[in-house]
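coords please:
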Amino acid sequence: MVRAKAVTSEPLEFEEPIRILLHEIEDLMRDPQTKKRTKAVGELRKRLETVTSEVYANLTAWQRVQVARHPARPNTLDYVSRLFSNFTELHGDRTFGDDHAVVCGLADYRGESIVVVGHQKGGGDTKEKIFRNFGYAKPEGYRKAIRVMKFAEKFSRPIIVMVATPAAYPGIESEERGVAQAIAYNLREMAQLAVPILVVITGEGGSGGALGLAIGDRILMQEYAIYSVIPPEGCAAILWRDANQKAAAAEALKISAKQLLEFGVIDEIVPEPKGAAHADPTAAAEILNEYLGPEFDKLIRGDPEARLDNRYEKFRRMGNFGLEGLDDVESGLTAEDR
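Okay, here's the model as predicted:
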């Protein structure tokens, strides 16, 4: 079993009221146990629950970005160890090499043999982050992913994908090895895979780097994850030539799960525990399982041809805001045209 390293959760700036209450509780717990201490701790914990709910109910778009990027936020391997059994990791793209920012493997889930694919940012120390390239996948990562997905298709294994990446790696060597082509190839091939594909946006879904693994029949998104065509800093640099306008860019990009559900980009929002997934990864996994399981059961029992048609139509509908006549054009397409 491959396991991710545990990470100590450090408070974000806007979590300061939560941090203060936690420290007060810790200080009280050092005192001898008395009825007075027990009562005081109980009152502080109730207050902590209220304050946490208030803080997370009023997050700005930029604060949501910070939560999605939190170093202690669970990665793919954190969920693999909590949700699946008999996980065996598969390596390499059979063309260039292995990419540790993308993990793929075989596993069992709800009595079914499946394939798991996901980004891995590296939530441990700096050495672990460097090993995972901070979640920036390279061409070989996308090629490894589609190789394993085609293996899944060959052996009729459903696919579960977990997406959490800032973007595809933009370095020179990544461009030289064809990162854009690798992502485009994945989009085409994933749209045609005959097996069920269930995608979960678990953290920062950044740009084409996220989309390159996110073509599926159902797209779930955790409550405090984000999903966007470009990171806020890049958007601000383009629109205002000032990366410091990142908060305004985050608002303009409409990156929250609620907004994306309204746009039809995702299908369902997965709630997170109080204080978000980084505050309690085990509870986050349990909640995810409550939503993932029924979706998984429904998909594997569905008609394969209808599933492929629905997948195609799902992504064709995205972005057609008020484009009249598109349905008429679509109705004239044959399966070969598609």
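
strands of the stretch 51-200 of the chain, start to end?
85-90, 102-109, 112-119, 159-165, 197-206 (DSSP state E, counting those that start in this stretch).

so what does the longest one touch, helix or strand wise?
In this structure, strand 197-206 packs against helix 61-68, strand 159-165, strand 218-222, strand 226-228, helix 281-300, with contacts taken as 3 or more Cβ pairs under 8 Å, 6 or more residues apart in numbering; DSSP states H and E. Every residue, glycine included, has its C-beta placed from N, CA and C.

what's the helix or strand following that strand in contact with?
As assigned by DSSP states H and E, the chain's next helix or strand after strand 197-206 is helix 207-211. Where contact means Cβ atoms under 8 Å, 6 or more residues apart in numbering, the residues beyond helix 207-211 that reach it are 119, 136-137, 163, 165-169, 180, 183, 187, 201, 204, 227-231.

where does this structure dip in pLDDT?
1-11, 124, 321-338 (pLDDT under 70).

repeat that with 50
Low-confidence segments of the chain, defined by pLDDT under 50: 1-8.

of the helices and strands packed on strand 197-206, which is nearest G92?
strand 159-165 (18.2 Å; Cβ to Cβ).

sorry, back to before: going through the contacts of helix 207-211, which ones are buried?
If you count burial by 16 or more other Cβ atoms under 10 Å, the buried members of those come out as 119, 136-137, 163, 165-169, 183, 187, 201, 204, 227-228, 230-231.

which residues does I146 contact?
I146 touches 185-186, 189-190, counting by Cβ under 8 Å, 6+ apart.

now neighbour count and distance to P71 too, for those, in a markdown table please.
Output for these, formatted as a markdown table (neighbours: other Cβ atoms under 10 Å; distance: Cβ to Cβ, whole Å):
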| residue | neighbour count | distance to P71 |
| --- | --- | --- |
| Y185 | 16 | 32 |
| N186 | 21 | 27 |
| E189 | 15 | 33 |
| M190 | 25 | 29 |
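
is it possible to get JSON lines of those that adds distance to T282?
Output for the contacts of I146, formatted as JSON lines (distance: Cβ to Cβ, whole Å):
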{"residue": "Y185", "distance to T282": "37"}
{"residue": "N186", "distance to T282": "31"}
{"residue": "E189", "distance to T282": "35"}
{"residue": "M190", "distance to T282": "30"}
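
so which of those sit within helices?
185-186, 189-190 (DSSP state H).

tell me the angle of the lengthiest helix in the chain relative to helix 61-68?
Longest helix in the chain by number of residues (criterion: DSSP H): helix 35-57. Interaxial angle of helix 35-57 relative to helix 61-68 (axes from the mean of the first three to the mean of the last three Cα atoms, to 10 degrees): 120 degrees.

for helix 35-57, packing partners?
Helices and strands touching helix 35-57, by 3+ Cβ pairs under 8 Å, 6+ apart, are helix 16-29.

ok, and what's touching the helix it packs on?
Under the contact criterion Cβ under 8 Å, 6+ apart, helix 16-29 has outside partners 11, 37, 40-41, 44-45, 47-48, 51-52, 55, 275.

right, and the pair among these with maximum separation?
Checking the contacts of helix 16-29 with Cβ to Cβ, the most distant pair is R37 and V55, at 26.0 Å.

so which of the two has more stuff around it?
Neighbour count, other Cβ atoms under 10 Å: between R37 and V55, V55 has more, with 18 against 14.

I'd like the helices and strands packed on strand 197-206 as TSV, with distance to E153 appended.
Converted to TSV, the helices and strands packed on strand 197-206 look like this (distance: least, Cβ to Cβ, whole Å):
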stretch	distance to E153
helix 61-68	31
strand 159-165	8
strand 218-222	17
strand 226-228	25
helix 281-300	14
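
so for I269, which of those sits nearest?
Judged by Cβ to Cβ, the one of the helices and strands packed on strand 197-206 that comes nearest to I269 is strand 218-222, at 5.9 Å.

next, the buried residues of that closest one.
Buried, per 16+ other Cβ under 10 Å, within strand 218-222: 218-222.

same thing with stretch 266-284?
Neighbour counts over stretch 266-284 (16+ other Cβ under 10 Å) mark 266-267, 269-270, 272-281, 284 as buried.

out of those, which sit inside helices?
Per DSSP H, the buried residues of stretch 266-284 map to helices at 281, 284.

of the buried residues of stretch 266-284, which is the nearest to G111?
So of the buried residues of stretch 266-284, ranked by how close each gets to G111 (Cβ to Cβ), first place is V270, at 21.8 Å.

list the contacts for that closest one?
200, 220-223, 287-288, 291-292.

and the furthest pair within those residues?
E223 and L292 (14.1 Å).

so what's N186 up against?
Here N186 is in contact with 142, 145-146, 212-213, 215 (Cβ under 8 Å, 6+ apart).
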